[in-house]
Structure formats: C-alpha cells, structure tokens
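Participant: Mind folding the following:
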Amino acid sequence: MSRVLIVGAGLTGSLCACLLRREMNNKVHIVVWDKSRGSGGRMCTSRSSDSLSHSADIGAQYITATHEYAQSHKSLYSELLSSGVLHPLDCVVEGLRHQDGSKNYVAPLGMSSVVKHFLRESGADLFLEHHVTGLYRRGASWEVHRTQGGSERFDSVVLTMPVPQILQLQGDLQDMLSAKQREQLDGVAYSSRFALALFFSPGVDIDVPWAARYYNNYNDSNNTKCICYVTVEPRKRGTEGDAACGPSLVVHTSALFGLQHVEQDKEEVQSIVLQELDKLLPGLPQPVGIKCHKWRYSQVLTSVPNCPGHMTILEHPLLVCAGDAFSHSNFDGCVESALSVLGVFKASIRQECQ
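Facilitator: So this is what the prediction gives:
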C-alpha cells in the first residue's frame, strides 16, 4: 500500500484525501499534515476563549455555485446538502453581487465543517502542528522534514499550501524545478487582508437590519476604505435562535488595506479596524473577546499559467503541487484542483501496472 502525504488540511487537501480514498481505497494509506492547530485552512472557524459565544468564520464566508459548477460538481454539492453541512444562504446580504443562475450556501456549523466532513470521509491520519520544512528524495520515496524534528518517508507527496510557502521548502525540490516551472510559480500573486472577530455575551442584540453587508461603494460618506465586509455570524448561518450562545461579528478588511498594512503588527491593525468599525456601526455593544487574524495569502490574484489544477514536479516518486493557485480561489476551484490530482494518481497507478 502506497503511503501518500498531503500537506495542508484546507479545502484542496481534504478533497484530495477524500477523492483518493474513494477512488483508490485499497491502494493508498493517506496522511495529512498541517502546520496549524486546527483544520480548515482559509475556511477556518474560530471560537472565543470563553466558549460562551458563537464561533466565527474568519476566512471564507459562504460558497457560491455557478450554474455550470452546480452541474459538474453536483455530487459533492448534493452530499454536503443532504448531510446538513451546507444550507442555502437565506438572509439579507446588502451589496451582494448576484450572478445569473448562481446559488449561495452557508455552513451552519462554520465553514471549517466542510473541510472536516471531507477529512472524516477520507479516513486519513490527520496530524496538526506538523510544519513541513523540507523534502529530500531518497530513492523511490520522499523524506519529509518538519520543524518539530524528525522526518518520515512517503511514496508520494501532494503540496497544497500557498505557492510562496512551497518555494520556501528546503531540500531537493528547488533543484527539481525546471526554469519554466520556477517562472510560473514565481508569477503567482495573492491579495492580503485582515479578519476581525468580535464575540459578545449571550442575549446581546446586534441592531442592524442585515445579516451581512459589503462596503464596496467608496463614494458613500458612511464608508471607509479599511473595511469591505461585515457579518453577524449566527444570523448569516441561520442559527440566531440559539440563546445559549452570544452572537459574533466578523469584519474583513479590503485588499488595499491589507496590502498597505500586511507587515504591521496585528495589535496595531486591530486598533485601526475597530476605530473604523465604530464609524460604520456606532453604538455596538462591548465585546467579551476579540480575535485578529492576518491572511497574508488571502485570494489568488494571478494563478499559475498553463497548469490547470496542479503541477507535477516529479513522477517517480510522485511530487505534485495543487491548490487554488492552479485554478481559482473558491470552492469549485479547489474541487477542480483536487480532481486533477486524482487524475495524476490514476495515471501513475496505470503506468505501474503496465
């Protein structure tokens, strides 16, 4: 049985693990490593330290399915809807730009529940706080090193973290990249932004007429270039009736603000965002907790050209790069990437059998 390491427990990594398990059940032993303390990647869900508040989605907020992807990825959408992981987004979202034929879905238990669903289905061995630092070829396998010390060997490796982090890896990867591949990877660009989660005590009412609002019109005298989106989490998810938990408010900064402040200390940025939030929503109740998260790699602005879904660095032993940088930054982009990785593994198995 081939040992496969998937680096990154985000959406692409979890989908890769799930699809490999379903298509190649008795041929692979799947292991997933992630450097964070929890799974989800940019679909992570955070919770206040006092556990009295609703959790907060500090990355992706909901999933938009175009008519085309709703058909081509119908089985995955049906699976998530039938299992209750996703529900239709049924609330007031001011400033939302609707696309013809598209549908929006929200995760009642938080966006990380989508990733956790696919990880459960994969049966993979999940190891958190496993930060990969280097890849070294050892004959027909890869020796993978991590910051916590020690190393393990795998027959195949799939890298799903942001491209700049892939390029920082030590070992033999750098020498195996062709000049063209390095140029393609060097050209990837991401936006950066900050997310602020404000947690409130049970019984607190957030007195706004919407569940979420986009602040895109910079000509609006009540707007700021700092903040681009605000949501009341339980209202967005349709779980506002849970009186045992307090509400939470999530604020996303604009890409322009993120670019200007990406190297700044999070505490300083938090102060700026709170000041701007007070201008937009004066009189907010006092939160019992606040979390500020920096998304250095938020959404892909420039993807890898001519590599739909993945880039194969080496075929034997197999080393593949995948993720939204090889497609586009949404649910269906990650699905497309994971499906392309599955195709690579199927082709590799066929070659071995010939």
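Participant: CA atoms for contacts and neighbours, from now on please.
Facilitator: Fine.
Participant: Run through the helices of the stretch 151-300 of the chain in chain order.
Facilitator: Ranges of helices in the stretch 151-300 of the chain, per DSSP state H, counting those that start in this stretch, are 163-167, 173-176, 179-186, 233-237, 255-261, 266-280.
Participant: Out of the ones you listed, which is the most enclosed?
Facilitator: helix 233-237 (a mean of 23; mean count of other CA atoms under 10 Å).
Participant: hang on, the earlier thing: a markdown table for the helices of the stretch 151-300 of the chain, including mean pLDDT and distance to A124?
Facilitator: Converted to a markdown table, the helices of the stretch 151-300 of the chain look like this (pLDDT from 0 to 100; distance: least, CA to CA, whole Å):
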| stretch | mean pLDDT | distance to A124 |
| --- | --- | --- |
| helix 163-167 | 98 | 22 |
| helix 173-176 | 94 | 25 |
| helix 179-186 | 97 | 28 |
| helix 233-237 | 93 | 28 |
| helix 255-261 | 94 | 35 |
| helix 266-280 | 96 | 34 |
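Participant: Tell me which of these lies nearest to D50.
Facilitator: helix 233-237 (17.0 Å; CA to CA).
Participant: Packing partners of the closest one?
Facilitator: Counting contacts by 3 or more CA pairs under 8 Å, 6 or more residues apart in numbering; DSSP states H and E, helix 233-237 packs against strand 248-253.
Participant: one step back: among the helices of the stretch 151-300 of the chain, which comes closest to H54?
Facilitator: helix 233-237 (6.9 Å).
Participant: one step back: would you turn the helices of the stretch 151-300 of the chain into TSV with distance to N104?
Facilitator: Shown next, in TSV, are the helices of the stretch 151-300 of the chain (distance: least, CA to CA, whole Å):
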stretch	distance to N104
helix 163-167	28
helix 173-176	39
helix 179-186	31
helix 233-237	11
helix 255-261	22
helix 266-280	26
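Participant: Compare these and give me the one nearest F118.
Facilitator: Across those, F118 has its closest neighbour in helix 233-237 (20.1 Å, CA to CA).
Participant: Using PDB, write down the CA coordinates of that closest one.
Facilitator: Only the C-alpha atoms of helix 233-237 are listed here, as PDB (Å, rounded to 0.1, in the frame of the first residue of the first chain):
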ATOM      1  CA  GLU A 233     -22.400  35.200  12.200                       C
ATOM      2  CA  PRO A 234     -25.500  33.500  13.700                       C
ATOM      3  CA  ARG A 235     -27.800  35.500  11.500                       C
ATOM      4  CA  LYS A 236     -25.800  34.600   8.400                       C
ATOM      5  CA  ARG A 237     -25.800  30.900   9.300                       C
END
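Participant: so how far is it off the chain centroid?
Facilitator: Offset of helix 233-237 from its chain centre (CA atoms, centre = their mean, to the nearest Å): 19 Å.
Participant: With respect to C292, which of the helices of the stretch 151-300 of the chain lies nearest?
Facilitator: helix 266-280 (6.3 Å).
Participant: For that closest one, what is the distance to the chain centroid?
Facilitator: 24 Å.
Participant: What of stretch 155-166?
Facilitator: 14 Å.
Participant: same thing with stretch 14-23?
Facilitator: 17 Å.
Participant: try stretch 176-195
Facilitator: With CA atoms, centre = their mean, you get 17 Å for stretch 176-195.
Participant: what does it rub up against?
Facilitator: Applying CA atoms under 8 Å, 6 or more residues apart in numbering, the contact partners of stretch 176-195 are 58-59, 163-164, 250-255, 257-259, 262, 292-305, 313-314, 325.
Participant: what about 6 Å?
Facilitator: Contact with stretch 176-195 is made by 58, 251-253, 255, 258-259, 292-304, as judged by CA atoms under 6 Å, 6 or more residues apart in numbering.
Participant: Quick check on those: which are buried?
Facilitator: 58, 251-253, 255, 258, 292-300, 303-304 (16 or more other CA atoms under 10 Å).
Participant: Now intersect the residues you listed with the strands, please.
Facilitator: V251, H252, T253, C292, H293, K294, W295, V300 (DSSP state E).
Participant: In contact with the nearest residue to E121 once chain neighbours are set aside, which residues are there?
Facilitator: Residue nearest to E121 in three dimensions, not counting chain neighbours: C18, with 5.8 Å by CA to CA, 6 or more residues apart in numbering. Applying CA under 6 Å, 6+ apart to C18 gives the contacts F118, E121, S122.
Participant: Name the SS class of the spatially most central residue of the chain, please.
Facilitator: Nearest to the mean C-alpha position of the chain, by CA atoms, centre = their mean, lies R42 at 2.5 Å. Following DSSP: H, G, I helix; E, B strand; the rest coil, the label given to R42 is helix.
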